[in-house]
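**Student:** Build the 3D model from these lines:
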Amino acid sequence: MQNGQRGKLADLKGKVVLLDFYATWCEPCRLETPHLVDLHKQYEAKGLQIIGVNVGGEDDRAEVPAFAKEFGIEFPLVFPDAQFVDDYLGVNQNIPQTFLLDRQGNVVKRYVGFNESRVPELEKIIQSTLSEAQ
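**Tutor:** Model (predicted):
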């Protein structure tokens, strides 16, 4: 799903997936990103796959490499098609939005916006979801 490849969530079956819909210019997204980087470092080896889904518009695409470098992002940052965005965000297009999917691809938790106080809750849900049988 990098370097122009097309990817599908089905390719990630068996992993716990955290989809984060963001834009580089979105201030709450920028506040959330260091926490995602930490979660990635902590839980990638245990089966967590974080994917940053850029919904900042055509002009934002060129900003993504600098954004990734600024925050030390080592998880994939992708550009979705409109249908994928609509399937997840629906009528509420506010960002950031974060979806945690279990190993079967089912949505376990959805967060709209970012609040520092929810980080421990998200980590507990990730731990719980990772520990469920595959």
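
**Student:** Okay, helices next: where are they in the chain?
**Tutor:** Secondary structure of the chain (DSSP state H): helices located at 27-43, 64-71, 82-89, 119-131.

**Student:** Pull out the buried residues from the longest one.
**Tutor:** When you say that, I think you mean helix 27-43. For helix 27-43, burial by neighbour count (16 or more other Cβ atoms under 10 Å) applies to 29, 30, 32, 33, 35, 36, 37, 39, 40, 43. Yep, even glycine has a C-beta here, placed from its N, CA and C like the rest.

**Student:** Check the second one too.
**Tutor:** Buried residues in helix 64-71, counted by 16+ other Cβ under 10 Å: 64, 67, 68.

**Student:** just checking, what packs against that helix?
**Tutor:** Contacts defined by 3 or more Cβ pairs under 8 Å, 6 or more residues apart in numbering; DSSP states H and E place helix 64-71 against helix 27-43, strand 77-78.

**Student:** okay, the angle between that helix and helix 27-43?
**Tutor:** For helix 64-71 against helix 27-43, the angle by axes from the mean of the first three to the mean of the last three Cα atoms, to 10 degrees is 60 degrees.
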